[in-house]
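# okay, here's the prediction I keep looking at, along with the sequence it came from:
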Amino acid sequence: MNSTSYLLGRRAALLLAGVLASLSACSNDSGTATPDDSVDPSDTPLQVSLPNPPLTPAPTPADEPEVEPGEFNTVTGFTVVRDTGERLPDEITVELTEADFLAGPLPPVLQVPADVDQSVNAIPYFEDLEDQVAIAGQVLEVLYRPIDPDGGIPGMFPKKLLRNAEFRDNFNGSKSLIWLPLQTDVGIHEFTVTAIDPGNALYRTERTIRIKVIMPEDASSIPNVAPEFVEFLPHTVRVNDPVVLELKATDPNGAVPLIEVPDLPVGATLVQHPRYEEIAVLRFIPTSAGTTSIDVLARDADDASLSSTTTIDITVLDAVDFVRPGARLRALAAQRDLPIGFAARREFYHLPDGALYAGIAAEEFNVVTSENTLNMDVINPLPGRYQFADIDNLISYARTHDMQVHGSALIWHQQLPEWMLNSNPSDRRGHMQEYIHRVLGRYVDDVSVWALVNEAIGENGGMRDSIWFQAMGEDYIEIAFRQARMTHPGATLLLNDFDIAIDGPKADTLYPLLDRLLAKDVPVDGVGFQLHIWSDFDQFDEVRTNFQKVADLGLEIHVTELDVSIPALGNSSDQAEVYRQILSICLEQPACRSLKSWGFTDRYSWRGQYAPLMFDDSYQYKPAYEALQGEL
Ligand code: XIL
């Protein structure tokens, strides 16, 4: 993007000279051979150099995304790419092993409230519960009869049912787990039931059994069941926009269902998803308004007579139904010199209504940030494995529509890959530096502002006990900023957090932290205020004062994740007023350099049930939108 404008950031300019000197040292991934200082007097700058040799492999051409054919997405203005190879799951869960099963039954977990005298009231328990071996295709039945030594019949409830299992009441004080495991259930499972004392509902015993499902000798003895569709929600789209529907069916027998659309819409394509074999992608362009109902059929791969059907409802509206009055936010904000943006949902171009989403957002905003495409579990799910397609696409989108890209939440305690969570603390500094270097380095020309360190402050003040803090103490912040500055000297680097705009323990922690960092010339350019707030918010004076305190330190202010949730008794005009006030505070503060909302349509908000954004879930503007227009 525009790589000159952010050099105007005051601290960035001051620091640039010093940084250029160290630049040549970090032009490649192996960094310099300078060893890190192991002991640092607290007020001298930490020496930052990348691990040499690297701790994990840097990206190679094999990690480069490939072009995705147009049939798979709603994009018309740029070329979409996709990661090659199998997509790694966002959360790699640890599966139970044979050894876990062989280790024997888990002990009961007792919950004894403080007011219980165990010599008078004994805890309920389960008798005769054992781990089980089940055979795929054969019904497993396990009887649960909790006993209360004091007499009476204990209640009970299961924690989470196994796929398609039933926890049946026998109406005699006992219940039965009834389960017909099939091929996809082969493996080791846990099933937990809690028994409740009849006299004290908090006095409980929790029992977990393990169930090992094995294949029968004769696989053909397993009943073949029909495939199941994954529920598809109705969507609203716009006439003449491409629509993509990812149709997914699963077969508990483990076969891949065949997906058919008997009445294909005119001009539609139906193709196999490139990464998930159980998904078929239907793409079409509706040319007139109305409701389209598309019948979809999933046929069993082994028995064509076994099938399931579902109907997908799409409401097509005319373009005029999405027109907003007045001028667009980005045009108005440009006149006030305030970049205005939104956080884009990961892979928005694979949503059914992705074209409408991308279209409205590009008309309204000149900054796009990444809601969840830059999280470490997405980008670097395994050592040496990289998934850049989502963020590359976001950047292409921004380029097509002349928007800046702001990077979000690079070093955070959440959405971390399993391998990083399990990494040796003494290696973590190196991993962190490598990650920063590889990601910022890749996007030097594309991403101008980074919410580099996210949520470093604990919920009740003090430093958050994250995996980064555990490994490096507070120094991790300094190291992260120094590494980022070395890799991308022109970027605006932010410390980002929530609940720091209002007075309280988090703000009380922020300012001394900033003082410590600035005293050591740590290249922090600004503070990102998330501002996930509620429509009854009224601490505007505190926001104003906290912004001023940050400005007085010579730092920039960015409103990074604004959304205004509506509680049960709230309403959208109060919400509009909160949006207006926050924008007004930003406009009156010269150090406030961007305002981004965390999404723009309630349909795809992380807090969708509280309708926190300025468009509703059918993309209609809300009072908050008009309030922003008015204020700009
Ligand atoms: C949220 C995203 O919006 C969700 O989609 C995701 O499931 C969890 O994270 N503070 C942050 C953001 O810094 O990264 C969080 O985003 C919201 C709170």
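Right, received. Where do you want to start?

# ok, residue 137 touching residue 185?
No: if you go by Cβ atoms under 8 Å, residue 137 and residue 185 don't touch, sitting 10.1 Å apart. Heads up, the C-betas are built off the backbone N, CA and C, glycines and all.

# shared neighbours of these two, which are they?
When Cβ atoms under 8 Å, 6 or more residues apart in numbering defines a contact, no residue borders residue 137 and residue 185 alike.

# tell me how many other residues crowd the closest residue to the ligand within the chain.
Nearest residue of the chain to the ligand (Cβ to the nearest ligand atom) works out as residue 606 at 3.4 Å. Using other Cβ atoms under 10 Å, residue 606 has 16 other residues around it.

# with residue 485 instead?
Residues lying near residue 485 (other Cβ under 10 Å) number 28.

# shouldn't it be in contact with residue 493?
Yes: counting by Cβ under 8 Å, residue 485 touches residue 493, with 6.6 Å between them.

# show me what contacts the residue of the chain closest to the ligand?
With contacts defined as Cβ under 8 Å, 6+ apart, residue 606 is in contact with 371, 598, 599.

# tell me if I'm right that the last one and residue 346 touch.
This means residue 599. No: the criterion here is Cβ under 8 Å, and residue 599 misses it with residue 346 at 11.4 Å.

# quickly list what's touching both of those two.
In terms of Cβ under 8 Å, 6+ apart, residue 599 and residue 346 are both contacted by the residues residue 371.

# in terms of neighbours, single out the busier of those two.
Each of residue 599 and residue 346 has its neighbours counted (other Cβ under 10 Å); residue 599 has more, 27 against 20.

# can you list contacts of stretch 374-389?
When contacts are defined by Cβ under 8 Å, 6+ apart, stretch 374-389 is touched by residues 56-57, 59, 63-65, 68, 81-83, 87-88, 90-92, 346, 372-373, 390-391, 407-410, 412, 414-417, 419-420, 435, 438-439, 442.

# among those residues, which ones are buried?
The neighbour-count test (16 or more other Cβ atoms under 10 Å) marks 56, 59, 63, 65, 68, 81-83, 346, 372-373, 390-391, 407-410, 412, 415-417, 419-420, 435, 438-439, 442 as buried among those.

# of these, which are in range of the ligand?
Contacts with the ligand are made by 372, 409 out of the buried ones among the contacts of stretch 374-389, judged by Cβ under 6 Å from any ligand atom.

# among the buried ones among the contacts of stretch 374-389, name the ones in helices.
Counting by DSSP state H, these place 390, 391, 419, 420, 435, 438, 439, 442 in helices.

# middle-most residue in this structure, spatially?
residue 372 (4.7 Å; Cα atoms, centre = their mean).

# so it sits against residue 346, correct?
Yes: the criterion here is Cβ under 8 Å, and residue 372 meets it with residue 346 at 4.8 Å.

# what parts of the chain come near the ligand?
When proximity is defined as Cβ under 6 Å from any ligand atom, the chain approaches the ligand at 371, 372, 409, 454, 530, 561, 606.

# now these as JSON lines including pLDDT and distance to residue 250?
Converted to JSON lines, the residues of the chain next to the ligand look like this (pLDDT from 0 to 100; distance: Cβ to Cβ, whole Å):
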{"residue": "371", "pLDDT": "96", "distance to residue 250": "27"}
{"residue": "372", "pLDDT": "92", "distance to residue 250": "25"}
{"residue": "409", "pLDDT": "93", "distance to residue 250": "32"}
{"residue": "454", "pLDDT": "98", "distance to residue 250": "35"}
{"residue": "530", "pLDDT": "98", "distance to residue 250": "37"}
{"residue": "561", "pLDDT": "98", "distance to residue 250": "35"}
{"residue": "606", "pLDDT": "97", "distance to residue 250": "26"}
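
# quote the end-to-end distance of stretch 346-357.
End-to-end span of stretch 346-357 (Cα to Cα, to the nearest Å): 12 Å.

# tell me the mean pLDDT for that stretch?
Averaging pLDDT along stretch 346-357 gives 97.

# residues contacting residue 355?
Contacts here follow Cβ under 8 Å, 6+ apart; on that basis residue 355 touches 74, 75, 76, 237, 238, 241, 242, 243, 349.

# shaky segments in the stretch 501-632 of the chain?
Along the stretch 501-632 of the chain, no part satisfies pLDDT under 70.

# list the contacts of residue 428.
For residue 428, the residues meeting the contact criterion (Cβ under 8 Å, 6+ apart) are 420, 467, 468, 471, 472.

# Three-state assignment for it, please.
Counting by DSSP: H, G, I helix; E, B strand; the rest coil, the backbone at residue 428 sits in helix.

# what do residue 485 and residue 493 both touch?
Counting by Cβ under 8 Å, 6+ apart, the residues touching both residue 485 and residue 493 are residue 523.
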